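[1] Provide a 3D model corresponding to the input given below.
(chains A, B, C and D)
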4 protein chains.
Amino acid sequence: MQPREAALPDDLATRFGQVRSLSEALAAPLSDADATVQSMDDASPAKWHLAHTTWFFETFILRDHVPGYRLHDPRFPFLFNSYYEAEGRRHARGRRGMVTRPTLADVKAYRGAVDAALIAALPSLDNAARGLVELGCHHEQQHQELLLTDVLHLFSENPLEPALWSPAPKIPVAVPDAIGWIDHDEGVVEIGHDGRGFAFDCEGPRHRTLLSPHSLADRTVTNGEWQQFIADGGYREPRCWLADGWAWLQREGIHAPLYWEDRDGVWTRFGLDGRRPIDPAAPVTHVSFYEADAYASWAGARLPTEAEWEAAAAAYDPRGGNQLDAASAVEPRPAEGSPAFFGDVWEWTGSAYRPYPGFAAADGAVGEYNGKFMSGQFVLRGGSCATPRGHARASYRNFFYPHQRWQFTGVRLARDR
Amino acid sequence: MQPREAALPDDLATRFGQVRSLSEALAAPLSDADATVQSMDDASPAKWHLAHTTWFFETFILRDHVPGYRLHDPRFPFLFNSYYEAEGRRHARGRRGMVTRPTLADVKAYRGAVDAALIAALPSLDNAARGLVELGCHHEQQHQELLLTDVLHLFSENPLEPALWSPAPKIPVAVPDAIGWIDHDEGVVEIGHDGRGFAFDCEGPRHRTLLSPHSLADRTVTNGEWQQFIADGGYREPRCWLADGWAWLQREGIHAPLYWEDRDGVWTRFGLDGRRPIDPAAPVTHVSFYEADAYASWAGARLPTEAEWEAAAAAYDPRGGNQLDAASAVEPRPAEGSPAFFGDVWEWTGSAYRPYPGFAAADGAVGEYNGKFMSGQFVLRGGSCATPRGHARASYRNFFYPHQRWQFTGVRLARDR
Amino acid sequence: MQPREAALPDDLATRFGQVRSLSEALAAPLSDADATVQSMDDASPAKWHLAHTTWFFETFILRDHVPGYRLHDPRFPFLFNSYYEAEGRRHARGRRGMVTRPTLADVKAYRGAVDAALIAALPSLDNAARGLVELGCHHEQQHQELLLTDVLHLFSENPLEPALWSPAPKIPVAVPDAIGWIDHDEGVVEIGHDGRGFAFDCEGPRHRTLLSPHSLADRTVTNGEWQQFIADGGYREPRCWLADGWAWLQREGIHAPLYWEDRDGVWTRFGLDGRRPIDPAAPVTHVSFYEADAYASWAGARLPTEAEWEAAAAAYDPRGGNQLDAASAVEPRPAEGSPAFFGDVWEWTGSAYRPYPGFAAADGAVGEYNGKFMSGQFVLRGGSCATPRGHARASYRNFFYPHQRWQFTGVRLARDR
Amino acid sequence: MQPREAALPDDLATRFGQVRSLSEALAAPLSDADATVQSMDDASPAKWHLAHTTWFFETFILRDHVPGYRLHDPRFPFLFNSYYEAEGRRHARGRRGMVTRPTLADVKAYRGAVDAALIAALPSLDNAARGLVELGCHHEQQHQELLLTDVLHLFSENPLEPALWSPAPKIPVAVPDAIGWIDHDEGVVEIGHDGRGFAFDCEGPRHRTLLSPHSLADRTVTNGEWQQFIADGGYREPRCWLADGWAWLQREGIHAPLYWEDRDGVWTRFGLDGRRPIDPAAPVTHVSFYEADAYASWAGARLPTEAEWEAAAAAYDPRGGNQLDAASAVEPRPAEGSPAFFGDVWEWTGSAYRPYPGFAAADGAVGEYNGKFMSGQFVLRGGSCATPRGHARASYRNFFYPHQRWQFTGVRLARDR
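    Numbers count the residues shown, from 1 in each chain, chains lettered A, B, ... in the order given. Now for the predicted structure:
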C-alpha cells in the first residue's frame, strides 16, 4: 500500500470508528453458527472476517508501534493471519470453518478490546503508523464486501434459502434503452493512482499508456439481455467461449449465472433478501470472466481493457451510484439514465492482473498485500452494490480468477473502432 | 429391526424420556456453532443428530401411525433424512454443516414438539408402532455415541483444542498384567440374537456355526503396548500390514493412533477433556482395522472372529464395564482384573460385515437400516465408553470401514490353537 | 503357496515349457505398442505380464537357488517386481505403461534367456526349488488370464475397437431352461485344499465348517435374464443395491455390464473378437460384485458363500467346461445341460476374502503372495473361459474388489431354505 | 491465421516436402511403442503428432478444396482432430495413448497417401487453399517441437532413462560474462506482424504501443546462475514467489528445474541424449513461469513484457542461433558473445497471452487456432533449440500455462529504469 498522506488523528479516529461499526452492523443479523461456517475454500466465515481485520490492526499497529502492548490472545495470530508468510505459520485457509471457539461473542470482545487500545494509542502514533491505520480501514472495507458475498454463498447452500435482510421496496423501472457507445481515439493517457489520498500499492505508479481507438458501452449488460444470450444457446455451444471457459462450463455443469434457477419457467435469483424473480432491467451479476467474455463475443464485442476503463471512468464521481451505505438489502439496481462507472457490479476487464511499469511491492509483511497475486487473475473495475461507498476509485484494481463468480460481478462491453 | 416384544406403554414412556434427555444433556455444553459445523464427510453436526433422531420418531411413528398429525416443519424431512432412499430425496451428506438455520434453539424446539406429540400418542399406539418407538430409542442411542465422537473430531480440528468437559479425576492404576488367554475347543455354537428383547435386524437370525480351536485375550491392548509397537517400527515397515492398510498409511501419513501427538518426546492424546498425556495402562483407542490387524500380526496373533467373540462374551454382563451413563468425561479406563467384554472400546473383529444365514431385511424404509451396508465394512463388538449403558449386547454388531478410526475403537487379540 | 509335492523334473520341464509357450502364443497377435500401453491402474501391459512372470522365475529360482547365476539385466527387477515389499523398491504400478524400452522383442529375449537357464538348472534343483518352479507356473497361468482381460480393456479404450482374434464360429444354442436348484441340508463339511497336489497358500488349511440349509442354482445367470433386470429398472432404482454399490453406480454412470452398449436398440458387447450382439443364452459376464448382489436381490435370491460353492463343486471335474486351451477366441458360451461349476465365468460369492482358520502366510517374499490382500475383496470361484485349463480347482479362491469387472465375472444364485 | 501472401506452387511443394520429411526424420528412432504412449495429459504420442498434422492437411485442403477427394480412413478424423469444436466430436485428449492401432506403420502410410494427394493437387489449388498449405506447414513445425518435448517427457518417465540420440560432441565453453543490459527509453513502438510473409492470426494486427523506460539483459540466465538461486534457498522460502507459484511448488514438491536430479552431490539433467551433468555455462531450461518470475525477483529484476522483447528482437535475425536443423541432439548451448534473441530457449515474458487491439479470429474451424486459448497463459518469445529454423519470428507469440515446463523454456531478465 502507499499511504502517501495520512489523515489527521481526529479524522482518522472518526473514520476508524465508522468503518468498524459498519462491520458490526453487517454482522448483526448473524447467529453464532451463521458467522462460523465456511461454505467453500474461496469464502471465509463472517467471524473470521471480523477477527482477521482486527488482527490486522493489532499486529501492524498495536504490536509493532505501541510500546508495551500485549496481545489480546496469543493464540489468535495463528488463527486470524490470512496469507502473510512473513507473519509465520497460520491456520489452513480451507479449515477456517472448524473454529467454533472462540465464539462470535469472543470475537466481538476481541474487536472491542483492540478498538479501545487503538483509539487510545492514536494520538501518539507517528505518520507511518497512522498510514497503517488508514490501510487497515481500507482493508476492513474490502472484507466488508467479502463478508456479504460469503454469507450470500453460505445461505445459498442451505436448502431452506434463508434471507439475511428483507427485500428493498421494489420501484418498477423501465428496461434501459439500447447501449450507447462512448468513443475514444488513439492516444496516450495517464492511468494509475497519482499519490493524492489513499491507494493500494498495485494502483501505481501512475504512468502513460497508449490506447487504441475504441468505444465503451455507456452501461452494463442487463439480466434481460443475458436471458437472450441463454435463449440463443449461449451456454450450449462452444463457439463464443474461451477453451478454458468451455472446459469449466462442462466440468461444473454451468448453464446460467450463479444463484439463478429456473422455477417453473421463470428465472429467479438468490440474493441477500432470499430467492426472487430476476429483474430484466437490472445489471446481470454473479457471472464469471469466462461467461463475461463469451457474452461479449456473442454480442460482437469484447471486454474493455483496464486502461480504457480507467481513462473513461476518471471523469465520473467514484462515490456515486449504487454502493454500500448501510446494513440493508444489497443488490444491483436498474441504471437511471446517465452513464455510471461506479457501483452495482464489478466490471470484468480483459486485462490480466499484472504489475504496472515500475511497480515494487512494499517492504515487510504488508508488501504481500497485492503483488504476490499477480498471476492467473483478471482485473475488475468500478465497485459494486456491496462495496462500501468511498472505498472505490477510478484507479482501483480488484482481481479474481476467471472462474470465480460469487462476487457481484458484471459486464460492460467494448469494441474496437 | 426386529422388535419382537414391545415394552408396555408406561415403561416405554419412561425409557423414551430418559433417552431423549441424555441426548440433550450431551449437547448442553455446545454452542450454536459447535452444534452446526461438520468437520468431515464421515461426521455429522451435533444439531443434525438431535434433529435426525427426532425426524425418525416423527416420520415412522407420528406421520405413519398418528391420524391427523401434521409435520412440525414440512421442510425438515429433506434436511434430516439420513439415508433412507424410500423416504425420497434428501440433503447431501457432505453438506450437512451448511445448515446454520434452523438454529440449535429451533432444533431443540422441534425436539420438544415431537416429544410432546409422541408422549401424547403413546397410549393409543399399537404394538407395531410401539416397536418402532423402541427402535427409535435404540437408534437415538447410536446417535448419542456418534454425537460424542463427531464433536471430538470437530474439536480436534480446532487449533485451540477446546475441551468439552473437564477431565475426570485421575486415579493411578497399575499397568495390567500380561495378557491371559481364554481357550475354546472346536465345536458348534449358536450366535445371533434369540428374539428375547430388542435387537437390530442384522443380529439375527440366531444360528449355529462351527468354531475352530482358538484362544481369546482376556483384555484389550493397552496404550503402553501400542507404544512398543510404534517403537519397534510398527508404522515404518510394511511386513505386518495388509496391502490396503499400508497404502492407506502411506497416503495419509499415519504414524500413530488418531489424536496422538508427540509433544517434546511425550505421547499425548486429544480427548473430550482436551489434550493430555496417554495413560499406558488404559486400552488403546482410535485405531483403524488396518492398524489393529497390523498390531495383531506384529504380536504373533490375529483378530477374533465375531462368532468367537460372541460365544465368549455371552457369559458376561452387557451392562457392565466402562460405558456411558451421563454427560461427563468419557474415555477408556484401565481394566480392573477380571475379563471384561463390554465397554471401554469397540473391538475390531476379523469378520467382514455380511448377512447371517437366513437374514432378510425388513420391508419398507426401516429395511434400509442395516442390510444395505453389508459390503466393505468390518464388524466391531462390545461397546465403548461412549456407548449408552444398556445399548450393547453380546449379539450386537457394529460396523465401520477398515480405515475409519474416529470412533472409540480398540483391539483384542486372538490366536489359533 | 504350499507346494506340498513337487513334480518330478521331467514332468516339470514339460509343464514349464507348455505354460511358457501359451503366454507367448497369447501375446503373438500383439504389436509392440499393444503390448506396452497400460489402459488403467488395475491393468498391466501385456509386455509387463510377460516380463514379470519371467522375473518371478529368475528371482525366486535362478537367483536364489542357482549358484553363480547372473541377472539377465540388473535393471529389470526394479521394473518387473509387482508388489513384493521384501524384494525392495519397484516401479509405481500406475506407471508401468511408460516403459517403452525394453521393447517387446527385448522382453521376449529375456524370456528366452531365463527359460534356457531354468531348463538347464532344473535337474539339479532341490525339492523346495522345484516347488517354486511349480508355483511360478501357476503364477504365470494367473497372468495369462490377466493378460487377456487387460488387452480386452485396452482395446475397448480404442475408439476403433479392434479385435484380437476373429470370432469363433457361432453354433446357435437354445436359451437354457429355468434355473434348477441343488439343495443342501445343514451340516458340517470340509473345505480348503487337502494338500494333495499344488495349491496357493490361501486355499488352506483344510477345515470343517457348518453349512446352513440352502439351495444353489444349477447354472449361472444369462445375458437374456440380465436384460430383464435392466428392463425392469435394475440400474435405475436403489431398492436392490448395497449402499456402496449404489454410490458407485451413480458416480460412474453405470447402466449395464462393462463393454455393453446399446446400438440402435440392440444390446452389444465388446470382446476379444470385437463388438457383437449379445447372446441371450450365454452367461452374463463383466459384472461387478455390486451388480451381482443387486441382481440376486432383484431375483429374490442371494449369492452363494464360498463354502456352499466349494462343497457343491467338489463333485465336479475342475478341468471341465469352457476354459482356456489355446490362443483363440475366448468368451462365455451357453451351458449345455448338466450343472457346470467350472469355466465360462468366475462366480462372485458373498464371502469376503479373509483367512481360513489356522492360515499362516509363508516366510519370505512369497509370503506376500496372497495374505496381504485379505481386506476389502470378495471371493470368486470356478474359473472362466480365460482361465488356463488345469489351473482351477474346487478350493481355488480368486478375489477382486466389489467394483471391479474387467475380469470374466458372472453370477450363480443361491437361496436359504 | 493470416496467410497474406501465399508462396508460389513450386516453392510450396518444396517447402511442404521439407517440412514433412523432417517430421519423419525426428520420428525415425522411435519404436511403435515409443510413438504410441502418452506420458501425461499435456503431451501427445509421437504417432498422434504425425497423424494429426496429416489430418490437418487432409481436412482443410484435400477435403475442403479438392473435388472428389475421399478420406484415407473415415475413422481417422475422430482420432486425430485435436481441439476444433467446429470439426465435431473427437477422442478425449487424455486417452490419445490408448490408440495402439492404427500402428506407427499405418500412420506413416497415411502420411504417404496424403502427401501424394496433396502434391498432386497443389498445382490446381487457389490462393486461399495454398495459404492453408502454408499454414499447415507452420502447424506441422509447431508439432515437430512438441513431438520432441513429448518424447523427452515420456523417456524421462522410464526408470531406465533411454536416450533418443547420442550426445553432441562437447566443446568446452567459458562461462559467460555478467549480464549486460540493453537500455530503452520511453517511447511508442510498433509491434505485431506487418503482414509480409506468414504469421499466425494472434501476431496481429500490427499496432502501436508505449514502452516505459527499461533495460533488457543481453543473454538468458545460465544453469550456473540457477544453481546459485537454489543454493540461496530459492525453492525453500516464499519471499520471491507468486502465491500461485508457491502453492504449486508445495503441492508438487518442486525443488529444481524439471529433469534435474542431484546425483551424489552433482546436479544432472535428463535430455534427449540421456542423463548428464548440467553445463553451468548453458542457458537454464525446463523452468516454469512461476520459477522464472521467482528467479527474477530474487535477482532484483523482472521478466520482460512481450512488447519490450519484440521491440528489441526485431533488430536480430530470427533464423540465427541454436535452432532445430536436423534430427540430432538438441539442447540449449552456451551463448557465444553477441546478444541472441532467437533459439536455445523460449523466454517467458511477464505478459499474459491476450488479444492485440483489433484482433479478430478467422472464420471457421481454423479460427479456433489461437484465439480461444487467450486466458490463463503467458507469452513466450524467441524459439528454442527444438524450434525448426525458419519457424520463429520477432512477432511470434508462443504461450503456455504458468506451471508448465516440459518445453525448452528459459529466462531473460529485464528491469525498470
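[2] every contact and neighbour count from this point should use C-alpha atoms.
    Fine.
[3] for the closest residue to chain D within the stretch 201-350 of chain A, give me its contacts.
    Residue nearest to chain D within the stretch 201-350 of chain A: A:Leu242 (4.4 Å; Cα to the nearest Cα). Residues near A:Leu242 by Cα atoms under 8 Å, 6 or more residues apart in numbering or on different chains: A:290, A:293-294, D:371-375.
[4] same question for A:Asp150.
    Counting by Cα under 8 Å, 6+ apart, A:Asp150 has contacts A:39, A:43-46, A:406.
[5] lowest-confidence entry in the contacts of A:Leu242?
    Lowest in pLDDT among those is D:Gly371, which has 88.
[6] tell me the contacts of that one?
    Contacts of D:Gly371 by Cα under 8 Å, 6+ apart are A:242, D:202, D:355, D:361.
[7] what do you get if the cut-off is 7 Å, keeping everything else the same?
    Counting by Cα atoms under 7 Å, 6 or more residues apart in numbering or on different chains, D:Gly371 touches D:202, D:361.
[8] look up phi and psi at it.
    phi -60, psi -40 (degrees, to the nearest 10).
[9] quick check: phi and psi on the residue of the stretch 201-350 of chain A closest to chain D?
    Note on A:Leu242: backbone dihedrals following degrees, to the nearest 10 are phi -60, psi 150.
[10] and it, how far from D:Tyr83?
    12 Å (Cα to Cα, to the nearest Å).
[11] and the contacts of A:Leu242, which of them are in strands?
    In strands, judged by DSSP state E, none of the contacts of A:Leu242 are found.
[12] up against chain D, what does the stretch 301-417 of chain A have?
    A:352, A:357-358, A:372-374, A:376, A:416 (Cα under 7 Å from any Cα of the partner chain).
[13] let's see if you can find the most crowded of those residues.
    A:Ala352 (26 neighbours; other Cα atoms under 10 Å in any protein chain shown).
[14] what helix or strand is the residue in the stretch 101-250 of chain A positioned nearest to chain C on?
    Per Cα to the nearest Cα, A:Gln250 is where the stretch 101-250 of chain A lies closest to chain C, at 16.2 Å. A:Gln250 belongs to helix A:243-252 when elements are defined using DSSP states H and E.
[15] direction included, what does the next helix-or-strand element following that helix pair against?
    Remark: after helix A:243-252, the chain's next helix or strand is strand A:260-263, criterion DSSP H and E. The strands that strand A:260-263 pairs with in its sheet are strand A:266-271 (antiparallel) (by DSSP bridges).
[16] what about the partner strand, distance to the chain center?
    22 Å (Cα atoms, centre = their mean, to the nearest Å).
[17] residues contacting the following helix or strand past that strand, please?
    Once the chain leaves strand A:266-271, the next helix or strand it forms, by DSSP H and E, is strand A:274-277. Residues from elsewhere that reach strand A:274-277, judged by Cα under 7 Å, 6+ apart: A:161-163, A:266-270.
[18] pairing partners for strand A:274-277, with directions?
    Strand pairing (DSSP bridges) places strand A:274-277 next to strand A:266-271 (antiparallel).
[19] mind saving the C-alpha coords of the strand it pairs with as CSV?
    The C-alpha trace of strand A:266-271 is given here as CSV (Å, rounded to 0.1, in the frame of the first residue of the first chain):
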residue,chain,number,x,y,z
VAL,A,266,-39.3,-18.3,-14.5
TRP,A,267,-35.7,-17.3,-14.0
THR,A,268,-35.1,-16.5,-10.3
ARG,A,269,-32.0,-15.5,-8.5
PHE,A,270,-31.0,-16.0,-4.9
GLY,A,271,-29.9,-12.8,-3.0
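[20] that one: which residues count as buried?
    A:267-271 (16 or more other Cα atoms under 10 Å in any protein chain shown).
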